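Novice: Below are the sequence and a predicted model for it; my questions follow.
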Amino acid sequence: MVSGPPGLSRRPRPRRIIAVGGGKGGIGKSMVSANLGVALAQSGANVLLVDVDLGGANLHTCLGVGQPNATLSDFLRRNKAQLEEVIVPTGVPRLSLIAGAQDALDAANLKYAQKQKLLRTLMGTSADYLILDLGAGTSFNTIDFFILADHGVLVMLPEPTSVENAYRFAKAAFFRKLQQVESQYGIEDLVEDALTTREGALRTLHDVLAQARRKDPVIADRLERELSAFRIRLIVNQARTDADLSVGASVAAAWKKFFGIEMDVLGAIRYDDEAWRAVRKRKPVLIERPDSAAATAIQVIATRILTLDGSPQRSTP
C-alpha cells in the first residue's frame, strides 16, 4: 500500500483505494466505478464510492440515487463540517456514496488547500474499499488522485483514439509521479529535461532511468523499484469483437517495450445491450441484469482485485 502524502502515513485510511480514470469522457468510466462498487460490496466489503468528477458528476445517476441534498462540494465549501454528513446510502448493502451532483461551475478547479483537505479526510475513512470516480483527462487534480491510489484503474475503449488517450494518461501519471519524488532522488534536472519539448530532450521513463543510472546506479535502482511498484491496471470497455478483447494485452506489451514499466490488464467488458439498457434505467447492470455478459465481466474484474489484495475482511451483512 502506498504511504500517502507527507504527514498522512500515520492516519487511519481505507483498506484499499481504487481510482478509476480515463483519457477522455464517454468511455464508461462511471459505469465501471458504480458496478465495481456493487461487486465488491456483494463480496462482503464495505465500499464508499466518491464522485470526484467535479463539474461533470453523474455517478449517482449510474446507481439510481436521486439528487442528493448534500454533495462533496458542500464539504469542500464548509457548508458541511463532517464528511459523514454528505454520505448517502445507495440501496445496495454495504455500498455508500458521496455524490458530486449540483456542483458549482468552478467545482472542477479545486484549490490546493481544498485538495489537501479532501485527501486527508478521504484517507481517514474506514471503508474496506474507497473507489474514486475521477474526471476525464490529465489535469493535475485528476492525476494526483490517481497516483494516490493502491489500484490506479485506467479505462479505455478498443479504438485507436482511446488507446492514444490512454497512453497519454499513463505517461502523464508516471511523469507526475516523477515530479513528486524528484527531490528525493536528486533528479530534478532530468525530470525538467523530460518535460520540455525541445529537440534532444529525454522522451521516456527509459531515458530518465538511463540518465539517472549514469549519475548514481544505486539511486537509479531505488527509483526503478519505486516506479515499478506503481502499476496501472487496464480495463477495456465495450469490446465488440474477439480481437478487441486482446487490445489491453497489446497496450500493456507496447508500454513495457517503450517505457520499460509493467502494466496490468484487469480484464475486458464486452459491449452489451443489457448494460446500455441498465444505464437508461439508471440502475447498475449488476443489479438489473446480473446474468449479463457485462455484469459477469465486472464480477471477474472485482475478483481479480480481491485476489491482488488477498482475502478481504468479511463484513456482517
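Specialist: Nice, thanks for sending it over.

Novice: Would you confirm that residue 51 contacts residue 98?
Specialist: Yes - checked against CB atoms under 8 Å, the pair residue 51 and residue 98 is within contact range at 6.6 Å. Yep, even glycine has a C-beta here, placed from its N, CA and C like the rest.

Novice: Now do the strands in the stretch 201-317 of the chain.
Specialist: According to DSSP state E, counting those that start in this stretch, the stretch 201-317 of the chain carries its strands in the segments 232-239, 264-270.

Novice: ok so, going back, which one's more surrounded, residue 51 and residue 98?
Specialist: More neighbours surround residue 51 than the other of residue 51 and residue 98, with 30 against 26 (other CB atoms under 10 Å).

Novice: Any stretches of the stretch 151-300 of the chain with poor pLDDT?
Specialist: Along the stretch 151-300 of the chain, the parts satisfying pLDDT under 70 run over 197-203.

Novice: Would you map the helices across the stretch 201-317 of the chain?
Specialist: Per DSSP state H, counting those that start in this stretch, the stretch 201-317 of the chain has helices spanning 205-215, 217-229, 242-245, 247-259, 273-280, 285-288, 293-309. These are given in chain order.

Novice: re the thing from before, and residue 76, which of the strands of the stretch 201-317 of the chain is closest to it?
Specialist: Across the strands of the stretch 201-317 of the chain, the minimum distance to residue 76, taken as CB to CB, is reached by strand 232-239, at 27.3 Å.

Novice: And the helix or strand encompassing residue 131, what does it pack against?
Specialist: Counting by DSSP states H and E, the secondary-structure element that holds residue 131 is strand 129-133. Counting by 3 or more CB pairs under 8 Å, 6 or more residues apart in numbering; DSSP states H and E, the packing neighbours recorded for strand 129-133 are strand 16-22, helix 29-42, strand 47-51.

Novice: Make a markdown table from those and add mean pLDDT and distance to residue 86 to it.
Specialist: Shown next, in a markdown table, are the helices and strands packed on strand 129-133 (pLDDT from 0 to 100; distance: least, CB to CB, whole Å):
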| stretch | mean pLDDT | distance to residue 86 |
| --- | --- | --- |
| strand 16-22 | 93 | 18 |
| helix 29-42 | 96 | 17 |
| strand 47-51 | 95 | 10 |
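
Novice: nearest to residue 235, of those?
Specialist: helix 29-42 (6.1 Å).

Novice: thinking again about what came up before, most tightly packed of the helices of the stretch 201-317 of the chain?
Specialist: Burial of those is given as mean neighbour count (mean count of other CB atoms under 10 Å); helix 285-288 ranks first at a mean of 22.
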